[in-house]
Every structure is written in structure tokens, then in C-alpha cells.
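1. show me the folded form of this:
(4 chains)
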2 protein chains.
Amino acid sequence: MSKGRVTVIDIANAAGVSKSTVSLVLQGSPLVNEATRAKVNAVIRDLGYVYNRAAANLRQTASSRIVGIVVNDLTNSFFAELAVGVDQVVQSAGYVQFLANTGESLTRQAEVIASMREHGISGLIISPARGTQAADLKPLVASGIPVVVVVRQIAGAKVSSLISDNRDGARAAVAHLARLGHARIAFLGGFPDTAVFEERLAGYREGLAEAGLALAEELEIGSAPSRAGGVDAVQRALALAEPPTAALCFNDAVAFGVCDGLRMKRREPGVDFAVVGFDDVIEAKSAVPALTTVSVDPQGMGGRAAQLLLKQINAGKPEPEALAGAVRLVVRESCGAGRNRQAWRSAV
Amino acid sequence: MSKGRVTVIDIANAAGVSKSTVSLVLQGSPLVNEATRAKVNAVIRDLGYVYNRAAANLRQTASSRIVGIVVNDLTNSFFAELAVGVDQVVQSAGYVQFLANTGESLTRQAEVIASMREHGISGLIISPARGTQAADLKPLVASGIPVVVVVRQIAGAKVSSLISDNRDGARAAVAHLARLGHARIAFLGGFPDTAVFEERLAGYREGLAEAGLALAEELEIGSAPSRAGGVDAVQRALALAEPPTAALCFNDAVAFGVCDGLRMKRREPGVDFAVVGFDDVIEAKSAVPALTTVSVDPQGMGGRAAQLLLKQINAGKPEPEALAGAVRLVVRESCGAGRNRQAWRSAV
DNA sequence: GGTGTAATTTAGATCGTTCCAAATTTCAAG
DNA sequence: CTTGAAATTTGGAACGATCTAAATTACACC
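-> Have a look, this model is predicted:
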């Protein structure tokens, strides 16, 4: 008799109750008699019933239990880990996540946000593509869907955010390098037109100033925020008339590239040159040399972002909240912290 | 007037047509008059209407335009890239993807599959957690939802699959190492209870046999399939009475770990010891030394899997299809291919 | 047995869309 | 003018659940 999928009505008929009762059972309502509940549940199992959330959602004012997460570069392990962190808390809260990768394309980003909206997400976590405007999120926000912006700030957007304290982290890293005896410390990698870059660069400059070191324009070398970019940047740095002896890198990917580039020039990172990364991706710990880096704990950050989002979803009316991601310097080997400080004078 | 969200009825009223007409416009039907279409579209824009796919789907027999993707370890860049590949083709086909990470947990896997099913996915791509049984996918398959299994085979499951030719890739890698003059070639890393491991190991053994080299039990050293596992495995290898001079690694993560481990013992990968990876993740190219590896092109594989899935979704009745992912050996630096073959005799 | 209250159950409207069948409009030809 | 076919539009049922308000059943107590 049953054509196609099994519905509440099929269950109701088979169990000899009304569809309303079945619905109550599905929602775990205390109103229904234990015996009835057991019978209905048995039938549900027998018929292999699958709950149709879309249908339920149509009637309910409650949330869809879907959140969206949009990242700008999933091939970067920082974002992959961020996604894992989100996934973890979102899953245990009984939600599923739409995940989309924009690859820094604003067009794609607009498309996926629109698509997710049509599918009725009850919240969105987004690490925006470069050049994202507050207006791009406007319609979402206006319709009362909570949005949490992570990693990169969006100026003027009335949404919650979770941005790590880039400036402070960079300052701490530079202070550490200065304490180690370095006088020429470079800032390597990253695209100059992003907020994250500016914050880290600002922290770098502050750190130099606090250590009484001079700023040197030529020691600030941008590049792609990738491993290849790091190779490139360090090579330009080493070609300088007065090359640096240490570098704070835009992120860990760049830092790994810098290590690669150093080896190409027969210099050993952590021995002949100090390198400090930023992010603390999972490989940082096990790399050789283990990377000294400013830990932003991507997975933890994803988790916190997800918690914030869920809180706002449950709160009904989302009150924008700006959280700062704590950062801390993790000293490992690549900065050569254990070594004789005399050695740094002119390793060149 | 308008309470809550804007619906087709609001549009219809504002445009002075019936909801049926609005529906036709939304579907781009050729039945509707150009002037009417324009008017309706204008109103849609003005009122900021958002299409409700869930509602549409309830009535339509058509697909939900949602696919699920389940991976066992998103922190591994191989899977992150796989997801990116899927995302790309899925996005351009106008679908969105649920993405879930199981972290090898069968419980989580079962939960997310059930959840995705309730949300009405029209297809699923899965890289199954270790120990997944054909029965775990049974209900999904029985309800006619196309499933594509990637990376790891599931014995006895009546679903499509896209598995790379692990055996052949491993054989080619060993052949290459043997041609370079290596006589003691190890197989490092990976968990012995997975199909992938078995296939790669089988290929390794075949390669040795074809090169006329003896099998040596002690040269097959398992470990976690991670960077840390690689460090561990190579250390055990080097501690052998008669240590290997080359290694085929279970995957690239292990290979990077092996390079790290070699450096800890003051051996330079690609100079004192040849290492070959498996997968060709994105960093393989830019690492130092650049990693010689068996390329399975994760992103391309994700793309192919997605195409296969979409094909099956459109086909109505899915006909299981087993595709083999092509692999090819990419010779770079870590195998020391450019070097004098005499050097390998006893680098120890 | 009658009564009132608490415990269960239920019919029917509803969510936002699509689809069907039928109604209406348009317009060229007789 | 009719007429009839083509073009366009439309009302109402349906999808699979929830929700409201009302109906039914159960039970304790006089």
C-alpha cells in the first residue's frame, strides 16, 4: 500500500492512533501515555520511518538546526581546523552544517550565502573573503539570522565577531625575539590589504618600538600568505644589503616556507636564523624544527565561534557581541630560544 | 502589513497576480507573459523575497539540491582538499553541501548520516571511518539515495566508489626506488587494519618482488597515518640492525614526519635517505626537499566523485559504478633521483 | 451511578510552495 | 461579429509535519 516514503500518517494508521499522537511521540511530549508511546515507537522502527525536518520546519517557528559556515580558503589547514572545531560543537548540539569554500571569491561568497539562506540556515559563521563589505551581510542580518564573523573583521557590520588579538600576539613575538638578542627582525609574508595583516604588522611595529629597535621599511616584506609566498619573502629578505637575523611571519604557512627558503640557501632555521609563525596549526608542533608561533588555536576558535552562534540562535534576538580570541606565544625550536645569544650578531 | 517572512502570496498580492503565476515566474516557466514576468520580478526584488526551498521541496518530487559529504579526518589536508574539490563542482551545479567530520568515530558517523537523511540530502559522498560496514549504509541505499564511497572501500556495499589505484601507485614508487639503486626499502606508517593500507602494502611487496628484492618483515613499520606517526616510524626503522636506505610512506603526512625524523637524526632527506610519499597534497610541491610522491590529486578526486554523484542523482535510478582513481608517480627531490646511485649503499 | 478534574487523544487548520485542471484572455480567420 | 485555437492565468488540493482547541477517556470521590 505504502507508496514512496513513510509518513506520520502511515505510522498513525499502523499503530491505530491519530497523526497528532504520532507527532507528540516524535517530539517526546510528556502528554502521551507510556503504552501508546511504546507502540508508536515500535511501529516507527518497524516501518523504517525517517523524520522529515523540512516539513516540520515549515510549520514550526523553531530553528532549522542547520548552520552555515563559509570560509575563504579551506586548503589552508588553519581554516580546515577551524571548520573541525565548529563541526564538533555544532554536531553535539544536534545541528548540521553547510560548509562552503569561497577561495576569496566575492561572487562565490554571495552565491553561497544566498543559497544557504534559501535553505533556511538558522545561523552563519563566516571568515569573509577579501573585500567583503558590511552590505554583503546586510540582508541576512536584517532578517534576524545571527551571524558570527571570525578571523577577519568587517568594518561597520552589526554582527558578532571573534577575532584573535593579532596585534598583541605580534607584539609578544617581537618582544621575545628582541629578548633573544635580535636587532634586525623582519616581518614576512601576507597580503597588505587585509585587516589581519594590518593588525599583525601594527603589533610588530609596536614590539620593535617597545624594544627600542628602529623600524626599517625594507624589513616588511609582503607575499602570498602561503608556503610558496614564504619561500619568496625570505629570499628577498636575505638578498638585502643588511639582512635580518630573525623574522616574524604572517602565518604558519609562510613560516614553513621561510624555513624551506632558508634551507635552500643552506641556512638552518632555529640555528642560523630565528623564525616565528602565527596561528599554531597542527603541524607546527611536529615540524622540524618545531615552530615557535603565536597560538590562536584554530580548532578552539571554531568551537568558541560555534558556541557563540548557538547562544545567539537560542536567544531569539541576537545581540552582537565582539569577542577577542586569546593568543599566546608558544616557544618551541625555530626561534632558537635555547641558543647562545652572541651567535645572532652576524650569522650572515 | 507583512508579518514575518515574505511569501509568494505577498508577491502575488503586490503584483496583482495569483500565487500560481508567481510560482511559474520563480521556475522560469516559458508559459508566462514577458510583461507579467518583469512586473513580478520587480516586486520580488522590492520586497526582498527569499525563496523557501524546504517548502518547495515538500511538494516537488525533485531533488533537494543538497548533498552530504562525510570525511573521516578533515584536519588531514588530503581530506580538506578532497572536500574543496567536491565543493567546487557541487557549488557550480547549484547545490550546497553538508559537511561532517567523523574523526574515525563510527558513532558520530552514524549520527551525521541519520541527521543528513532527515534533512533530505539527495546524495552522499563518504570517506568512511575505519570499521564501517556495508550495513551502515544500507538504509540510505535502500531508500534510493545515491552514495559514492571514496578513498576507502567498503566490502559488500552496493554503492558507487572512487578508489585510487593504491596498489599500482605503490608498485611504481618501489620500482622507481629500486631503479635508483636502493636495496633496502621500507614501508613506513599507516594503520594495518584499513583497506588502503593493505592495498598500498600489497603494491609495495609486488614492487619489491618485481625488482628481485627480498621481502623483510622488519621493514614494514606501521604507525599513526600522521606527521607524528612518521617521525615515530622512521626512528624505529633507523634503529634496525640493518636499516633501510629508502622508504615508501603510507601517505604524505607520514612522509613529512619521516623527513622530520631523519633531520632529528642529522640525516638529510633526499640526500642521505630517499623518501617517497603518497597522495600529493598541496604542500608536497613546495616543501624542502620537494616531496616525491604518488599523486592521487585529492582535489581532482573530490571533483570526480561529485560529478559521479550528480550524474546518479540526475539519473533517477542509481546504477552503482566503480571508478578507479588514476595515480602517477611525481618525481621531485626527496627521493634523491638526481644523485649518484653508489651513494645509497651504506649511507649509515 | 453521577460528577468534576486530570490525563489522553484527536480533527482540522496551517506553514510556503508546486501542480493539476479548468478558466480566462487574446487574436487571427471566416 | 462569431469561432476556435493558442496563450496566459488561476483556484484549490497537495506535500509532511505541528499546533490549537476541543473531544474523549480515565479515575477518584461522594
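2. show me what contacts the residue of the stretch 101-250 of chain A found nearest DNA strand D?
-> Of all residues in the stretch 101-250 of chain A, A:Gly120 sits closest to DNA strand D, at 13.0 Å by C-beta to the nearest atom of the strand. Where you see a C-beta, it was placed from the backbone N, CA and C, and this is true even at glycine. By C-beta atoms under 8 Å, 6 or more residues apart in numbering or on different chains, the residues touching A:Gly120 are A:Asn57, A:Ser64, A:Ile66, B:Asn52, B:Arg53, B:Ala54.
3. now with 6 Å?
-> Contacts for A:Gly120 (C-beta atoms under 6 Å, 6 or more residues apart in numbering or on different chains) come out as A:Ser64, B:Ala54.
4. for A:Ser18, same thing?
-> A:Ala12.
5. and it, what's its pLDDT?
-> pLDDT for A:Ser18: 96.
6. try A:Arg5
-> 85.
7. gap between it and A:Val50?
-> 7 Å (C-beta to C-beta, to the nearest Å).
8. same check, this time on A:Val150
-> 34 Å.
9. ok, the two, which is more surrounded?
-> A:Val150 (30 against 17; other C-beta atoms under 10 Å in any protein chain shown).
10. does the more buried one touch A:Arg304 like I think?
-> No - A:Val150 lies out of contact with A:Arg304 (C-beta atoms under 6 Å); the separation is 8.9 Å.
11. can you tell me if stretch A:36-48 touches chain B.
-> No - contact of stretch A:36-48 with chain B (C-beta under 6 Å from any C-beta of the partner chain) is absent, the minimum separation being 6.6 Å.
12. that stretch close to DNA strand C?
-> Yes - under the criterion of C-beta under 7 Å from any atom of the strand, stretch A:36-48 makes contact with DNA strand C via A:Thr36.
13. residues of that stretch that come out buried?
-> A:Thr36, A:Arg37, A:Lys39, A:Val40, A:Asn41, A:Val43, A:Ile44 (16 or more other C-beta atoms under 10 Å in any protein chain shown).
14. quick check, the third one in contact with A:Ala15.
-> The one in question is A:Lys39. Yes - contact between A:Lys39 and A:Ala15 holds when scored by C-beta under 6 Å: they sit 5.4 Å apart.
15. show me where pLDDT drops low in chain A?
-> A:1-3, A:338-348 (pLDDT under 70).
16. and the most centrally placed residue in chain A, what is it in contact with?
-> The centre of chain A sits closest to A:Leu82, judged by C-alpha atoms, centre = their mean, with a distance of 3.8 Å. By C-beta under 6 Å, 6+ apart, the contact list for A:Leu82 reads A:Pro298, A:Gly302.
17. wait, is it part of a helix?
-> Yes - assessed by DSSP: H, G, I helix; E, B strand; the rest coil, A:Leu82 belongs to a helix.
18. quick one, strands of chain A?
-> A:66-71, A:96-101, A:123-126, A:147-150, A:160-164, A:185-188, A:220-221, A:246-249, A:274-279, A:292-295, A:322-325, A:328-330 (DSSP state E).
19. list the neighbouring strands of the shortest one plus their orientation.
-> Spelled out, that is strand A:220-221. Looking at strand A:220-221 with DSSP bridges, its partner strands are strand A:185-188 (parallel).
20. buried residues of the helix ranked longest in chain A, list them for me.
-> Criterion DSSP state H: the longest helix present in chain A is helix A:298-315. Neighbour counts over helix A:298-315 (16+ other C-beta under 10 Å) mark A:298-299, A:301-313 as buried.
21. DNA strand D contacts on chain A?
-> Contact residues (C-beta under 7 Å from any atom of the strand) of chain A with DNA strand D: A:4-5, A:7-9, A:19-20, A:22-23, A:26-27, A:49-52, A:55-56, A:58-62.
22. one more time with 10 Å, if that's ok
-> Residues of chain A lying near DNA strand D by C-beta under 10 Å from any atom of the strand: A:3-12, A:18-29, A:31, A:33, A:49-62.
23. quick revisit: quick one: the longest helix of chain A near chain B?
-> No - using C-beta under 6 Å from any C-beta, helix A:298-315 stays clear of chain B, with a minimum separation of 8.0 Å.
24. quick check: angle from that helix to strand A:96-101?
-> Angle, helix A:298-315 to strand A:96-101, by axes from the mean of the first three to the mean of the last three C-alpha atoms, to 10 degrees: 130 degrees.
25. tell me what helix A:298-315 is packed against?
-> Here helix A:298-315 touches helix A:77-92, strand A:123-126, strand A:147-150, going by 3 or more C-beta pairs under 6 Å, 6 or more residues apart in numbering or on different chains; DSSP states H and E.
26. will you turn those into TSV that also has distance to B:Glu104?
-> Output for the helices and strands packed on helix A:298-315, formatted as TSV (distance: least, C-beta to C-beta, whole Å):
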stretch	distance to B:Glu104
helix A:77-92	13
strand A:123-126	24
strand A:147-150	26
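27. quick one: closest of these to DNA strand C.
-> Nearest to DNA strand C among the helices and strands packed on helix A:298-315 is strand A:123-126 (19.0 Å), distances taken as C-beta to the nearest atom of the strand.
28. is the closest one positioned near chain B?
-> No - using C-beta under 6 Å from any C-beta, strand A:123-126 stays clear of chain B, coming no nearer than 12.4 Å.
29. neighbouring strands - and their directions - for that strand?
-> With DSSP bridges as the test, strand A:123-126 is paired with strand A:66-71 (parallel), strand A:147-150 (parallel).
30. dump the ones you listed to JSON lines, plus distance to DNA strand C.
-> Below are the strands paired with strand A:123-126 laid out as JSON lines (distance: least, C-beta to the nearest atom of the strand, whole Å):
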{"stretch": "strand A:66-71", "distance to DNA strand C": "16"}
{"stretch": "strand A:147-150", "distance to DNA strand C": "21"}
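31. and of those strands, who's closest to B:Leu323?
-> Closest of those to B:Leu323 is strand A:66-71, at 28.5 Å (criterion: C-beta to C-beta).
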